[in-house]
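1. Just to be clear, the model below is a prediction. Sequence and coordinates:
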Amino acid sequence: MDTRRPSADHDHRSDADGVDLVRRARRGPRRRLWLVLAGLALLVVAAFAVEVLLGDYTYTIPDFFRILFGEQMPVATYILMESKLPRALLAVLVGVALGAGGACFQVVLRNPLASPDIIGISQGASVAALFVILELGWRGSLVSVAAVVGGLAAAVAVGWVAGGLGGLRLVLVGVGLAAGSLAVIQYLLTRADIWDVQLALRWLAGSLNNTRWPTVQVVAVVMAVALPLLWAFARDLRITELGDDAAAGLGVPRRQGVAVLLVATLLVAVGVAATGPVAFVAFMAGPIARGLNGGRATVVGAALTGAVIMLGADFVGNYLLGPVSMPVGIVSGALGAPFLLWLLARGAVGRSGT
């Protein structure tokens, strides 16, 4: 009588049970991720519809599609096609850019404070934009180009002074650069003409007012190039949270994190160039998406969260805070400051590592 067969069968069943357990353990987070992304996508669609259809001039859904497909309605067509629609589209594009860019910084540097608007990239773009506005008299697209260059230069400067991508050191250097940039901004404002100062302050507030189709088209083209690159570089992004040595041991080279940060910087700089420095969107989107996803980083979720924040903040600032229209940057800043204090109070920053 062969007594080894029951043992072999038992081992085979144990192996099969183990494989099935692993599959179920992997399937759960994946299902949650898809549910989170689907829910956020629906929120983006709903917020976009509210932004476009409601407000001072309201539209029905049939009227919206009739105008969209070419029917001319006096006044209604102009307001929708030249004001509401480009504004809402730019809010989505910039929200996606800031959300995805901010999440990449936080994951690669393993610190929730490593946001572009905290470590000086947004401020670098602002210094460049204000310099060409106040000192050179530039306007329009030239200001946007200067802002992009300033944001990229600030990112390179922070990385160079910090001596690499060490999370805590880079954040501290970035905070110092941001403080210095704010001092330069104040200096430029104090010596400028009063009319130019008003223009500069409107830009610094971060606003979707006076959005035009050429701006939307430029941002869309840049994102059509940058987002696929970010997706290609960021596929193994979660592994970088384990640390540089562990990531290298798993086959993720250090230069991949650098490439992710470069593309993320471009996205953030383009977003800032289009609207001005919209405060805290890049900072809030990543932690909110991570919380919805059970503590796991998701760049796509952060991008969608950024779009929801931009659309919601713009609608609130335009229609729910009294007769005066508030720029989207003021509303997002009012949301972001207590969010930062909440993160610090619950100890999330301290636990995220350096």
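-> It's in.
2. Help me confirm that residue 112 comes into contact with residue 339.
-> No - using CB atoms under 8 Å, residue 112 is not in contact with residue 339, being 10.4 Å away. For glycine as for every other residue, the C-beta is placed from the backbone atoms N, C-alpha and C.
3. Which of the two has more residues huddled nearby?
-> Taking other CB atoms under 10 Å, residue 112 and residue 339 do not tie; residue 112 has more neighbours (23 against 15).
4. Spell out the secondary structure type for the more buried one.
-> Following DSSP: H, G, I helix; E, B strand; the rest coil, the label given to residue 112 is coil.
5. distance of it from residue 174?
-> Per CB to CB, to the nearest Å, residue 112 is found 14 Å from residue 174.
6. for residue 92, same thing?
-> 27 Å.
7. same deal with residue 181?
-> Relative to residue 174, and taking CB to CB, residue 181 is found at 10 Å.
8. Spell out which residues are contacts of both of residue 112 and residue 339.
-> Common contacts of residue 112 and residue 339, defined by CB atoms under 8 Å, 6 or more residues apart in numbering, comprise residue 287.
9. what about the closest residue in space to residue 207 that isn't next to it in sequence, distance to residue 313?
-> The spatially closest residue to residue 207, leaving aside those adjacent along the chain, is residue 327, at 3.8 Å (CB to CB, 6 or more residues apart in numbering). From residue 327 across to residue 313, the span is 9 Å (CB to CB).
10. If you count surrounding residues, which of the two has more?
-> Taking neighbours as other CB under 10 Å, residue 327 and residue 313 compare with residue 313 leading, 30 against 25.
11. about what we covered before: might one say that the residue nearest to residue 207 is in contact with residue 210?
-> No - look at residue 327 against residue 210 with CB under 8 Å: they stay out of range, at 11.2 Å.
12. quick one: low-confidence ranges for the stretch 51-200 of the chain?
-> Scanning the stretch 51-200 of the chain for pLDDT under 70 picks out 164-167.
13. what about residue 92 and residue 174, which has more around it?
-> residue 174 (30 against 24).
14. Was I right to think that one contacts residue 119?
-> Yes - counting by CB under 8 Å, residue 174 does reach residue 119; the two are 2.5 Å apart.
15. what's the overlap in contacts for the two?
-> Overlap of the contact sets of residue 174 and residue 119 (by CB under 8 Å, 6+ apart) consists of residue 158.
16. Do a quick rundown of the helices in the stretch 251-354 of the chain.
-> Under the criterion DSSP state H, counting those that start in this stretch, the stretch 251-354 of the chain contains helices at 254-275, 281-292, 299-319, 328-345, 348-351.
17. Mean pLDDT and distance to residue 44 for those - can I get that in TSV?
-> Converted to TSV, the helices of the stretch 251-354 of the chain look like this (pLDDT from 0 to 100; distance: least, CB to CB, whole Å):
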stretch	mean pLDDT	distance to residue 44
helix 254-275	86	16
helix 281-292	91	12
helix 299-319	94	5
helix 328-345	84	16
helix 348-351	47	25
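18. Mind listing the shared neighbours of residue 181 and residue 174?
-> Contacts common to residue 181 and residue 174, judged by CB under 8 Å, 6+ apart, are residue 120.
19. related to what we said a few turns ago, okay, the helices of the stretch 251-354 of the chain in a markdown table with distance to residue 41 next?
-> Below are those laid out as a markdown table (distance: least, CB to CB, whole Å):
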| stretch | distance to residue 41 |
| --- | --- |
| helix 254-275 | 19 |
| helix 281-292 | 12 |
| helix 299-319 | 6 |
| helix 328-345 | 21 |
| helix 348-351 | 26 |
